[in-house]
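S.K.: Quick one: sequence and predicted model below, then my questions.
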Amino acid sequence: MFVYVRPVRFEDVDAANIVFFSRFLNYCHEAMEALLEPLVGGYAGLVVGRKIGLPAVHVDADFVSPLRFGDVARVNVTVERIGNSSTTFRYDFSQARDGRPVATIRHVVVLSDLVALRSVPIPADVRAVLESHLAGANVS
């Protein structure tokens with residue numbers, strides 16, 4: 001499991017002072033970028049240098065309690081599945097202060113050639129990073 005910690009900023013909340021639902025997807029993307037940091041050049045090297053992206057093809061979310069401005073989100077990231085060109089991330093959000101569950105988000109991405117705009121097999125170095133965070137033995 002990979003842990004990403006993110007303070008809730010003023011720009012993240014709505015008029016009710018709770019994190020606006022779409023901001024959770026930003027948090028997920030930030031966590032995915034951090035998880036891929038061990039790659040040569042990190043996530044930026046993958047996208048800018050190698051022209052390989054990880055566009056979302058499916059997202060589902062369950063929210064159980066709010067996060068507010070001033071809170072700190074703890075995001076436990078696991079890789080649920082690794083396919084030939086796709087992978088599924090699971091993000092379990094909690095309040096860092098007290099461990100209160102906040103949300104669970106699943107995010108399916110397809111590795112893609114950003115020039116040709118088509119899927120590509122997961123490169124060996126990316127697969128190795130993903131496998132290091134795999135929950136169970138769901139490699140196919």
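M.R.: Nice, thanks for sending it over.
S.K.: Got the confidence number for the closest residue to residue 38 other than its chain neighbours?
M.R.: Nearest residue to residue 38, sequence neighbours excluded (C-beta to C-beta, 6 or more residues apart in numbering): residue 129, at 5.5 Å. To be clear about C-beta, it is placed using only N, CA and C from the backbone, and glycine gets the same treatment. Per-residue confidence (pLDDT) for residue 129: 98.
S.K.: cool, the one 4 residues further on as well?
M.R.: As summarised for this prediction, residue 133 has a pLDDT of 96.
S.K.: try residue 137
M.R.: Value listed for residue 137 in the pLDDT field: 51.
S.K.: Residue 66 too?
M.R.: In this model, residue 66 is scored at 97, pLDDT.
S.K.: what residues are up against it?
M.R.: For residue 66, the contacting residues are 18-19, 102, by C-beta atoms under 8 Å, 6 or more residues apart in numbering.
S.K.: Which neighbouring elements make contact with the helix or strand harbouring the residue nearest to residue 38?
M.R.: Element membership for residue 129 (DSSP states H and E) is helix 124-131. Helix 124-131 makes packing contacts with strand 72-82 when contacts are defined by 3 or more C-beta pairs under 8 Å, 6 or more residues apart in numbering; DSSP states H and E.
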